[in-house]
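> test case, fold it:
(chains A and B)
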Number of protein chains: 2
Amino acid sequence: MPRKNTYIISYDISKDRQRARAANTIKDYGIRVQKSVFECRVRPNAFLELMAKLEKIIDPKTDSVLGYLVCEACFKRKQAIGQNTVLEEEDFFVI
Amino acid sequence: MPRKNTYIISYDISKDRQRARAANTIKDYGIRVQKSVFECRVRPNAFLELMAKLEKIIDPKTDSVLGYLVCEACFKRKQAIGQNTVLEEEDFFVI
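Take a look at the predicted model:
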């Protein structure tokens, strides 16, 4: 079984509804560290599964999702300034 | 001379003026890939220099800046969906 890695997922999503759906989807895989940035500690197949789900949610003409693998050695060098608790966006816009 | 690495810099900055100053500062070090996410290909000391500059710009009580090292091996696994050109925020709010 491949081991878990940390992935940084960030997005620019223009419509509230899609942005809320994306945020709620990513929350099943990791924690929100900024309004549109999440840290997900998952196995590679779960990361690919998540990106496939997000691909179905966003409008590729206007929106963007990026996913970066950050290995243990890289993650140790993470630097954070300021707030580390995230003010939840109004992302409870569920149908 | 330590070699260059890729660093992902992302921010949540509440005030327009500080956000514009932060974006203009980071642009000297890398490219904007999303509204509040940049990829900076720099040496470690330049990364630390940038983070120190950002620390002086933001309000630590309300704002957040994150910096992740993404090594070559990690960066090769980057996944991107949708738009890869960034609609510049109104970040030309310079004194």
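> got the phi/psi numbers for A:Leu54?
Main-chain torsions, A:Leu54, degrees, to the nearest 10: phi -70, psi -30.
> which ones are touching it?
Going by C-beta atoms under 8 Å, 6 or more residues apart in numbering or on different chains, A:Leu54 touches A:9, A:11, A:22, A:25-26, A:65, B:81. No exception for glycine: its C-beta is placed from N, CA and C like everyone else's.
> again, only this time at 6 Å
By C-beta atoms under 6 Å, 6 or more residues apart in numbering or on different chains, the residues touching A:Leu54 are A:22, A:65.
> any idea how far it lies from B:Arg3?
Between A:Leu54 and B:Arg3 the distance is 33 Å, computed by C-beta to C-beta, to the nearest Å.
> same deal with A:Arg41?
Counting by C-beta to C-beta, the gap from A:Arg41 to B:Arg3 is 28 Å.
> quick check: residues of chain A near chain B?
Counting by C-beta under 6 Å from any C-beta of the partner chain, the positions of chain A adjacent to chain B are A:8, A:10, A:12, A:34-35, A:37, A:51, A:55, A:58, A:60, A:63-71, A:74, A:77-83.
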